[in-house]
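Colleague: Fold the following, please.
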Amino acid sequence: MNLFITGVFAAVIGLVIGYVGTALKMKASKEAAELTLLNAEQEATNLRGQAEREADLILKEAKHESSSLKKEALLEAKEEARNIVKRSMLSLSQNDKN
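Modeller: Coordinates of the predicted model:
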C-alpha cells in the first residue's frame, strides 16, 4: 500500500513538474510571439512612412515634369506662331513685289 501511495505521489509530482515546464515554455513562446508581432508592426510602420515619402517624391517629380512639358509645349507653340507670321510676311512681301 505504501508503494502505491508513493507511486501516486510521484505521478502527481511529475504531472505538476510537467505542467510548470509546459507553462514556462508557453510563456516564453508567447513573449517571443509578442516581440515578433511588435517588430513586424514597427517595420510595417517604417515601410508605410517610406512609401509615403517616395510617393510624395514621385508626385513632385510628376508635377515638375508636367510643368516642364507645358512650358516646352508653350514655347513650341510660340515658335510655330512666329514661323507662321514670318511666312505670312514673306508671302505678303512677295505679293507686293508682283
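
Colleague: and residue 25, what helix or strand is that in?
Modeller: Using DSSP states H and E, the element containing residue 25 is helix 2-97.

Colleague: helices and strands around that helix, which ones?
Modeller: Here helix 2-97 touches no other helix or strand, going by 3 or more Cβ pairs under 8 Å, 6 or more residues apart in numbering; DSSP states H and E. (Glycine included, C-beta is placed from N, CA and C.)

Colleague: what's the average pLDDT for that helix?
Modeller: Across helix 2-97, the average pLDDT comes to 90.

Colleague: how many neighbours does residue 48 have?
Modeller: One way to gauge burial is a neighbour count; for residue 48, by other Cβ atoms under 10 Å, it gives 10.

Colleague: Begin at 31 from now on, thanks
Modeller: Done: numbering now begins at 31, and the last item shifts to residue 78.

Colleague: Could you report the distance from it to residue 85?
Modeller: As for residue 78, its distance to residue 85 is 10 Å (criterion: Cβ to Cβ, to the nearest Å).

Colleague: Residue 100 too?
Modeller: For residue 100, the distance to residue 85 equals 22 Å [Cβ to Cβ].
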